[in-house]
Each structure stands twice: as C-alpha cells, then as structure tokens.
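*Asks:* Here is the input, now give the coordinates:
(2 chains)
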There are 2 protein chains.
Amino acid sequence: MAQPIDDFYAVIPAGGIGSRLWPISRAESPKFLHDLTGAGESLLQMTWDRLLPLAPRERIAVVTGRAHGVKVEESLPDVDPANVFIEIDQRDSAAAIGLAAAVIEKRHPGAIIGSFAADHVIKRQRVFEFTVRQAVAAAREGFIATIGIQPSEPAVGFGYIKTGEELDIDDAPLAALVERFVEKPDLDTARVYFADRSYLWNAGMFISRADVLLGEIAANQPELHAGLVEIAEAWDTDARQEVAERVWPTLTKIAIDYAVAEPAADKGKLAVVPGQFDWDDVGDFASLWTLLSGGVRDDVTVVGAHDNVLSDEATGLVVANTDRVVAVIGVEDVIVVDTPDALLVTTPEHAQRVKSAVTALQQRGRSSVL
Amino acid sequence: MAQPIDDFYAVIPAGGIGSRLWPISRAESPKFLHDLTGAGESLLQMTWDRLLPLAPRERIAVVTGRAHGVKVEESLPDVDPANVFIEIDQRDSAAAIGLAAAVIEKRHPGAIIGSFAADHVIKRQRVFEFTVRQAVAAAREGFIATIGIQPSEPAVGFGYIKTGEELDIDDAPLAALVERFVEKPDLDTARVYFADRSYLWNAGMFISRADVLLGEIAANQPELHAGLVEIAEAWDTDARQEVAERVWPTLTKIAIDYAVAEPAADKGKLAVVPGQFDWDDVGDFASLWTLLSGGVRDDVTVVGAHDNVLSDEATGLVVANTDRVVAVIGVEDVIVVDTPDALLVTTPEHAQRVKSAVTALQQRGRSSVL
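*Replies:* Predicted structure coming up:
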C-alpha cells in the first residue's frame, strides 16, 4: 500500500445543499450526507475513504456549516474533532478553504493542502491518487495546482480549464500551466473543447502550499486575508468563538476560483494535472441516473428500497426512501424520488428545474420539507 | 320536486374492487367508497343521492360483500339496514341482483327494481331521472328495460346495444326494442357504431318488474333461480344465515347480461331507453382525468390535497391522498397517485395496465397494499 503524502492535508469543504437533488437533499441534511449512489455510504464518507490513502486521518479536515457539524462527526467516526472547521455562516469557498489553510499553516507551517468537494463521485481510485500525487509535486514547486478532468462528453454544465505550456516537474509528468479558465460553454463551443484535448473540466480541486494559497488571497483579497489570519490566530485558543463570531460575518463572499485561481493563472502560477479518472459531481437526478445506469436508458434504475419498486414497461430512476410500494407503469425516462414527506416526479430533461421547485415551495411557506 | 316512483326499488350492486384504480381502490376499500372526483362524497354516496328523487330511502337497497357491509352502512346513514344485502362471497351480477329481486318481490309483490352501479359518475340529473322514469314505464308493460348511453366518442372500452324497433309505450316516448348486444368493438367498428346513432353504450342499468326478472332467470338459469328463491324465502326469518351460508356458495357465477339481458333481447322482451345524460364508469385513472379535466390536457388536475401539489411545465392527473408535498416538474401526461403506503406513476395510455401491477404485487406477497 502506498504511503500517505508527507505534510499533506486534505480539506473537504462540505457546504452546499445541492437543492437540485431535493427532496433527498435538504437544508438540514444536504447532499453530502446521503448515500445517493446506493453504495452503503454517504458521499462524504466516500470522499473520506478516497482521501485516506493520501492523508492519514489526523490530516483530513472538513469545513462545514453550524447546522452540520454534529452530523459530519457522526458520519466520520475517525475524524479528529479539531479538524472539523465550523463556518459561522455561508461565506463561499475562498473563506471556507482559506480558513482551513490559515489554521493548518499555523499548526503545521509549510503544509500542503488539497481541497476536494464532499459530494462528488470518483471512480478509478488508483488513477485519482496518482493524479493528486502529481498535483502535490507541483505544489511543492510553489504552484497552485488544480486537477482538470479529461472530458468524457461535450458537457455544458461545467467550466473548462485550457491547458497551456507543459511544466517540467519531477514526480508530476503530466503537469502543465493553466492558460486560462473558461466559463460554462454553449453546446457548439463545448464540442470544440471536447475535440481539442487541451480543454479539461474544472472540478474545483486545488492543491497548494497553504502559505502560497494564503499569499494569493492576500494579493487579491487583502481584507479577506486579514480576517482569515485574525481568526486563525485565535482558532486554537479560548478566543476562537469570540473572534470567529465577530470577524467571520465580515469576510468577503467570493469563490476561490475568482479570489485565487484565475489571478494565479494570469500570473503563470497555476498548474493543472489532467485527471483520467471518472468524475461526477452528481449535480441533479439526471446525472445520478446516468452515473448509475452507465447512460443506458432501457430500464428502471432503483436507489434505495429495491424490493418496494415495481416497474412495467417503464424506464427511469426511482429513488425509494420510504417503506411504500412504488409502481411505475408505462412511463419513459421518468425520475421518481419518494421520501417520507415529499415526492418528486420529473424527467432527466427537467432535472435542473428542481431548484425552481424548491424556491416555489419556500415562497409557499413549505420550508419544513426543504 | 318530482315524486318518487310508485313501487320502485333502486338496487345498488356495490361489488367490484376497481383494481385499475389501485392504489386508491383496494380490496378493503373499493372504488365506490372513495371520493374519486373530489366532490366531497364517495361514488356510493353520489349514487344514493342520484336515486333518492326516484325512490325514497326505505326503497333503496345495496348489495355488497361481507367485508364492506359496515362501511356501506357508515357511508349511507339513511340506508335501512334491512336493505343492505350481504353476499356470502362473490357470485357475479346475476346472483347479486337476483337476490335483491327475490327478497324485494317477497316483501313487495309487483315491485319494479332498477339496478345502478355504485361506482359510476352521472351528470345532468334531470335527464337521468327522465330516462329512468321512461324505463320504469317500459317495465310496467312487462319489458326488461335497459338504459343505453348515447356515445360521446367511438369508445372501445364498452359493449354496445343495437337499438331496434320503436316501442309505443305511454310515458316512455324514447323506448325501443333492443335488437342485440354487441361486445366491446375494435376502433374501426366503434367508429361505425358512433356514426350510426342506433348504437348505444351498455351501462349495465336494468329496470324491470322483480317477478319478470326472476322469471327470466328461471327460464335461462333454473338452478340459480331455485337457489335465489330458497334464500329469499329464508331471508327475513331466523334461518337466513343458515340458508344463505349453505345455498349462496352453490349459485352459478354469471353476469346478468348473459343470464337475463341477452336471452330477453332474443325473445323481444328487452327494451332500451337512450340516455342523453353524461355517464362515466371511471374505469381507470385516464378516464378519471378526462372526466375531471373535460378532456383538456394542458394542465395538472389535482384530486385531494391541492395545496400540497406543485407543478411546473407539467400536465396530468395528481391524486394526492397524503400530507406530503408532491412536485411534478416537466412531465407531460403523467398520472401520479400518492397514498400513504403506495405510489403509482403511470400515463393515460397505460392506465389499464395498473391491474397487472396489482397482480404482480399479489405474486410478490405485498397484499397488504392491495
């Protein structure tokens, strides 16, 4: 078995609710706490397991909201409670990852951190590890490294990374400079990117020395940096609560892409390692169905209580999270998500619209099911 | 207000489960006990209300299974318990209506009985009453009279009645002889029938003198007749239970169409009165949707908990029989039936197949939800 990486901390931002996965994903029990794939583990637990060969348990941290701290610790019995960083409120990813970087840098100067979303699905573990190890090698050279996913289709739902000049880094043979980031394209543009192998999906994974990351935040968002440093100074002292409560809500809300990655790319400080593993952000029920069915739409895929589902001349995805019988008869490409207090019926083509239903339910005052 | 009809008894066979309306309709709580249309009353109660202007409460009878006697009495607080005839087991319609005829004839010699299913929906009450009164007039002349529904479309789901020679009966200006009964046609044949106004839908309503009906059973099914007479002799005595338990299970299972109507038609003893009221047998969820939407398929029709249903770019029927939120997003022509222990998702085109799901669930041993 491969050894964990020296000085490497894995940081798992466990923040977003994933409201396109309502009614499974809820404010009180977001996507990452669910066994969405029927694997027997939550997405968070799968993320933990995936990182454990790279960082020992005492060097895996989770950044999560106040409402979820207890559930995260219950879900990850091996996590060190000192490594569960609670956000006072939602401040976007630069603050969340920046907090982890600042506290870890103080505890372990010179540490390398890598951030990996709590709610993605990755297959081909060995390739994933191989890719992260290269990104760490690039980080040791002072780069901020990201992992770009080799596209498997001309997707319009992701931003892309344009790969630039190859780097010459020992232990990171595939690393290259990022030429630029591009926003989610239209389909024609996505087809061009897909044909041109130098465009990779931006999966939001960033690996760098903590001090390098903080330096980039300092350069681009000095107020955010000052606040993070103030909080980190107090974090492992009795003053933590007071300082965090006072300073955190003043921090700038900005994604790490804008606060760190794009400016670093402009300065030639951003490296990318292409990842040839299978990656899925499970953004909605359509992508969950594709993930579980391998894209073959000729049957009903069941997640949950298989024995309760009866299908006849039907295709689609049934998520059965109750004791009820679910009969799906003569319906093509239907998505049925059955939970104790809410039922969703939609199609793969409309799976993105589920978010709008959540908004409509909020307006109707039905927030108990959100 | 019009007067009830002298000597007229309305008989409501409340027998079938209506398994194409599962999971609303169940063995323990069949279709006729449900407020399927959202009218605030069960179909049985609506049937009772419809007949009350024609027969006073003491002359409305219900024939039902052992399992449903109590529910029928609860559902119809005005019913005379002596007029709730309990079938020992399911013996088809000739035995059910024949039992009512035999007991009523004994109680009230010369009575005219009319049988009307417990689970149909009829609109245009005045036209219905006008039609029944004509059928009763034909019955007084010694005919067995049926009411044929003027088709509103070339339906393939019903049998047809071919109207023959006009009769010349006072108070029954529209009555004619039945030339013959025809089985459910294919679509081409149905179109021919629809264009030819002399074909009417067979809605299974029969009106005749009780003794005439029994005489027809005696002629065609002498053993069935003998059994019914034996049970009727004992019905209002202490021997009822003993005789019914012994004789009923030996009675021939046959539909009244074959035991009475077709043979009577062959002998020129069957009259038909065309009914120009709106009639629906609510045979499945597709016909329920058509009934409730008026056939306009541009929205989601909700039965039940309207406030719990959220639809967005969807069309179809949602029967919401729980407290749960039901979100239907981007699905066309979908039927969603939500009950506490079973959920059905199907389409109008497959609504007939629901019966097969019930069979499949039986085979799986899930009879608790059937």
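
*Asks:* Tell me how many other residues crowd residue A:220.
*Replies:* 17 (other CB atoms under 10 Å in any protein chain shown). C-beta: built from backbone N, CA, C; applies to glycine.

*Asks:* Now do the same contact list for it.
*Replies:* A:259-260, A:263 (CB atoms under 8 Å, 6 or more residues apart in numbering or on different chains).

*Asks:* Closest to residue B:30 out of these?
*Replies:* Closest approach between the contacts of residue A:220 and residue B:30, by CB to CB: residue A:259, at 64.6 Å.

*Asks:* related to what we said a few turns ago, including neighbour count, could the contacts of residue A:220 go into CSV?
*Replies:* Formatted as CSV, the contacts of residue A:220 follow (neighbours: other CB atoms under 10 Å in any protein chain shown):
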residue, neighbour count
A:259, 25
A:260, 31
A:263, 18
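
*Asks:* At the contact with chain B, which residues of chain A appear?
*Replies:* Counting by CB under 8 Å from any CB of the partner chain, chain A comes close to chain B at A:23, A:310, A:312-313, A:323-331, A:334, A:336, A:338, A:340-347, A:349-350, A:353-354, A:356-357, A:360-361, A:364, A:366, A:369.

*Asks:* Quick check: phi and psi at residue A:227.
*Replies:* phi -60, psi -40 (degrees, to the nearest 10).

*Asks:* Helix, strand, or coil at the residue most central in space within chain A?
*Replies:* Nearest residue to the geometric centre of chain A (CA atoms, centre = their mean): residue A:117, 2.3 Å. Under DSSP: H, G, I helix; E, B strand; the rest coil, residue A:117 falls in the coil class.

*Asks:* Can you name the residues that contact it?
*Replies:* Taking CB under 8 Å, 6+ apart, one finds A:12-13, A:47, A:203-205, A:281 in contact with residue A:117.

*Asks:* cool, residue A:321 as well?
*Replies:* By CB under 8 Å, 6+ apart, the neighbours of residue A:321 are A:24, A:304-305, A:337-340.

*Asks:* likewise residue A:343?
*Replies:* Contacts of residue A:343 (CB under 8 Å, 6+ apart): A:23, A:336-337, B:324-327, B:336, B:338, B:343.

*Asks:* For it, give the beta-bridge partners.
*Replies:* Beta bridges link residue A:343 to residue A:338, residue B:326 when assigned by DSSP bridges.

*Asks:* Okay, now the unreliable bits of chain A?
*Replies:* A:1 (pLDDT under 70).

*Asks:* One more pass at 90, please.
*Replies:* Applying pLDDT under 90 to chain A flags the ranges A:1-2, A:15-19, A:27-28, A:38-39, A:157, A:197, A:294-298, A:352, A:355-362, A:364-370.

*Asks:* how about the top strand by length along it as CSV, C-alpha atoms only?
*Replies:* What stands out as the longest strand in chain A, according to DSSP state E, is strand A:199-209. Once non-C-alpha atoms are left out, strand A:199-209 reads as follows in CSV (Å, rounded to 0.1, in the frame of the first residue of the first chain):
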residue,chain,number,x,y,z
TYR,A,199,-9.6,21.6,-22.5
LEU,A,200,-10.4,20.0,-19.2
TRP,A,201,-13.3,20.2,-16.8
ASN,A,202,-12.9,22.4,-13.8
ALA,A,203,-13.7,20.2,-10.9
GLY,A,204,-12.8,22.7,-8.3
MET,A,205,-9.9,20.7,-6.8
PHE,A,206,-7.0,22.9,-5.7
ILE,A,207,-3.7,21.7,-4.2
SER,A,208,-1.0,24.1,-3.0
ARG,A,209,1.1,25.0,-0.1
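
*Asks:* and after it, which helix or strand comes next?
*Replies:* helix A:210-220 (DSSP states H and E).

*Asks:* Any buried residues in that next one, and which?
*Replies:* For helix A:210-220, a neighbour-count test (16 or more other CB atoms under 10 Å in any protein chain shown) marks A:210-218, A:220 as buried.

*Asks:* Using TSV, lay out the contacts of residue A:220 together with distance to residue B:299 and secondary structure.
*Replies:* Listed next are the contacts of residue A:220 as TSV, based on distance: CB to CB, whole Å; DSSP: H, G, I helix; E, B strand; the rest coil:
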residue	distance to residue B:299	secondary structure
A:259	46	helix
A:260	49	helix
A:263	51	helix
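
*Asks:* between those, which is nearest residue B:237?
*Replies:* residue A:259 (93.1 Å).

*Asks:* wait, that closest one sits on residue A:214?
*Replies:* No: applying CB atoms under 8 Å as the test, residue A:259 and residue A:214 come out as separate, 11.0 Å apart.

*Asks:* Which neighbours do those two have in common?
*Replies:* Contacts common to residue A:259 and residue A:214, judged by CB under 8 Å, 6+ apart, are residue A:98.

*Asks:* show me where the stretch 251-370 of chain A has strands.
*Replies:* A:270-275, A:278-280, A:300-304, A:309-312, A:316-320, A:325-329, A:334-338, A:342-346 (DSSP state E, counting those that start in this stretch).
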